[in-house]
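Engineer: Let's see this in three dimensions:
(one chain, ligands or ions: 1)
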Amino acid sequence: MQTRNIFILTGSGISAESGLSTFRDKDGLWAKYNIADVASIEGYQRDPRGVLDFYNVRRANLVGARPNAAHLALAELGARWRHGVVTLVTQNIDNLHELAGFRNVIHMHGELNKMRCGDCGDVRLADDDLTLELVCCACGNIGGLRPHVVWFGEIPLEMDTIYEALARADMFVSIGTSGAVYPAAGFVQAAQEAGIKTVEINLEPSENADMFDIAHYGKASEAVPAWVGEILRGAGAV
Ligand code: BJW
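Structural biologist: Next comes the predicted model:
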């Protein structure tokens, strides 16, 4: 059957070769920070300054980061695919898919370059470090601005759009994610139950590896361009 709609889920492994840390690898963020301290609302309430600083440092690290060959290959696929829709859902809060040229990226865990007012919900670009002294431009409250990211216990963003795209997909592709965090980790099961082709591209087998029909193990910068080339050639697009 001809593949029309492709649903791609990416995780931190795709940005590792751009110099951004993953979470659960041995040198990942969770080896240096306690998840509950920096990625939950309770941690933020206990130490808001510490959590803002954790994200301020990561925002500063993002300034020099460039998309790698994997981000560029997905952007090429998005631009050249003529048989249907390529939906790109990322768990990453970096902007490397956008810098590579992919349009309409869905950031289910938020975006590092944005801030959200915890009091009124206003979301806007965060050009500078977040501090407890900042005033919300929308409601005027002080100290309520937090990173526009999704912490444990919070509902990921754009879930309706994501499940609609998944329901229309003919192929599900997971790239650079350990499959440890839900609901993203559950997408492959939904895809399997819908009977569509499932593909994993990762450095090593993920926690859900047995649910994938096809696996390509290797660095994203090599495995993703190879897979994109295969897909475009198969569709007669190159
Ligand atoms: C390479 C590579 C290279 C390296 N090339 N590959 C019990 C059961 C089921 C669920 C739960 C449960 N208890 C609690 C839950 C829910 C909870 C959850 O999943 N907990 C688990 C720990 C069990 N989930 C939530 O709370 C979520 N909300 C929720 O469920 O709401 C309810 C709801 C949902 C839907 C509808 C209605 C209601 C929220 C989760 C928020 C996650 N937030 C974080 C932080 C975001 C901000 C930030 O960046 O700081 O998101 S945690 C962190 O993990 C971050 C990531 O996006 C996410 C996933 O990590 P990722 O990307 O997979 O990274 P790694 O490090 O794990 O994996 C990297 C992979 O790359 C590895 O496999 C490497 O091998 C590979 N790799 N180099 C290719 N060069």
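Engineer: Now whatever residue of the chain ends up closest to the ligand. Nearest residue, chain neighbours left out?
Structural biologist: As assessed by C-beta to the nearest ligand atom, the ligand sits closest to Gly13 within the chain, at 2.3 Å. Placement of C-beta: from N, CA and C, glycine included. In space, and not counting its chain neighbours, Gly13 is closest to Gly176: 2.6 Å by C-beta to C-beta, 6 or more residues apart in numbering.
Engineer: number of nearby residues for the one you found?
Structural biologist: 27 (other C-beta atoms under 10 Å).
Engineer: Run through the residues that contact it.
Structural biologist: 10-16, 22, 70, 201-203, 220 (C-beta atoms under 8 Å, 6 or more residues apart in numbering).
Engineer: Could you work out the most separated pair of those residues?
Structural biologist: In these, the most distant members under the criterion C-beta to C-beta are Thr22 and Ile201, with 14.6 Å between them.
Engineer: ok, these two, which is more surrounded?
Structural biologist: Each of Thr22 and Ile201 has its neighbours counted (other C-beta under 10 Å); Ile201 has more, 29 against 22.
Engineer: Can you tell me the strand partners of the host helix or strand of Asn113 and which way each runs?
Structural biologist: According to DSSP states H and E, Asn113 maps onto strand 110-117. Here strand 110-117 has these sheet partners by DSSP bridges: strand 123-125 (antiparallel), strand 145-149 (antiparallel).
Engineer: and Leu230, how many neighbours?
Structural biologist: Actually, residue 230 is Glu rather than Leu. Glu230 has 11 neighbours, counted by other C-beta under 10 Å.
Engineer: And it, which helix or strand is it part of?
Structural biologist: Assigned by DSSP H and E, Glu230 falls in helix 220-234.
Engineer: buried stuff in that helix?
Structural biologist: Residues of helix 220-234 classed as buried by neighbour count (16 or more other C-beta atoms under 10 Å): 220-221, 223-225, 227-228, 231-232.
Engineer: quick one: contacts of that helix?
Structural biologist: Contacts of helix 220-234 (C-beta under 8 Å, 6+ apart): 3, 6, 13-14, 16-17, 68-70, 72-74, 76-77, 80-81, 173, 175-176, 199, 201-203, 216-217, 238.
Engineer: Narrow those residues to those that are buried.
Structural biologist: Buried among those (16+ other C-beta under 10 Å): 3, 6, 13-14, 16-17, 68-70, 72-74, 76-77, 81, 173, 175-176, 199, 201-203, 216.
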